[in-house]
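Participant: Take a look and give me a structure for this.
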Amino acid sequence: MRTRSPVPVRPLDAPSFAPFGAVIAAGGAEGRPVNQGRALRFDADVAIAHRSPADRLAVSTYRVSSSTLPLAVELVERHPFSDQLFVPMTARSYLVAVVPSGPGGAPDWDAARAFLARPDQAILYRAGIWHYPLAALGATADFHMCMWESGLAADTETADAPPGLMLVREAERS
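Facilitator: Predicted structure coming up:
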């Protein structure tokens, strides 16, 4: 088995993440006043889409233990029928790692990408996108999660990563 190159963690931005989903953050576009002018509303051009018999929009809170870089990737998961939204509630920063599907739908490990998200950036994984479970950096963090679920095992698929697949700071890449 060949040695895998480390996956550099780069800053998260909407154009780089677009093949995998959407980055959602306040600002950028002009907000509109709501609530008698006490708030600005910034609409994201996304919806939590689904292609399944899912009948329940799952709304959960995840408490994610702190991790450090470099970080070994042991597995990825995907939700073939529903988009999945994560909104940081208490995160300082967090990792977003994705792997596109290759021929036959298995993860294309050579095309893995990793991003460093700021606390003001939420992410939406499109249905079917392989992704590493969230990893909070610096401290344990809470996230709000929404996705459509049917309650069946088919809602989530996992794949084991090849041995030695690591997420590293871009400067640590060799």
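Participant: Point to the helix or strand of this structure where mean pLDDT is at its lowest.
Facilitator: strand 39-41 (a mean of 82; mean pLDDT, DSSP states H and E).
Participant: now the residue most central in space within the chain: how far from Leu134?
Facilitator: The residue lying closest to the centre of the chain (C-alpha atoms, centre = their mean) is Val96, at 4.7 Å. Val96 sits 8 Å away from Leu134, taking C-beta to C-beta, to the nearest Å as the criterion. For glycine as for every other residue, the C-beta is placed from the backbone atoms N, C-alpha and C.
Participant: what's Phe20 in contact with, if anything?
Facilitator: 98, 100, 113, 125-126, 129, 131 (C-beta atoms under 8 Å, 6 or more residues apart in numbering).
Participant: what does Ala97 give?
Facilitator: Counting by C-beta under 8 Å, 6+ apart, Ala97 makes contact with 7, 73, 76, 112-115, 131-132, 135, 167.
Participant: Columns pLDDT and distance to Leu40 on top of these, output as a markdown table?
Facilitator: Below are those laid out as a markdown table (pLDDT from 0 to 100; distance: C-beta to C-beta, whole Å):
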| residue | pLDDT | distance to Leu40 |
| --- | --- | --- |
| Val7 | 94 | 36 |
| Val73 | 95 | 38 |
| Val76 | 97 | 36 |
| Ala112 | 96 | 36 |
| Arg113 | 97 | 32 |
| Ala114 | 97 | 32 |
| Phe115 | 97 | 26 |
| His131 | 97 | 30 |
| Tyr132 | 96 | 33 |
| Ala135 | 95 | 31 |
| Leu167 | 96 | 35 |
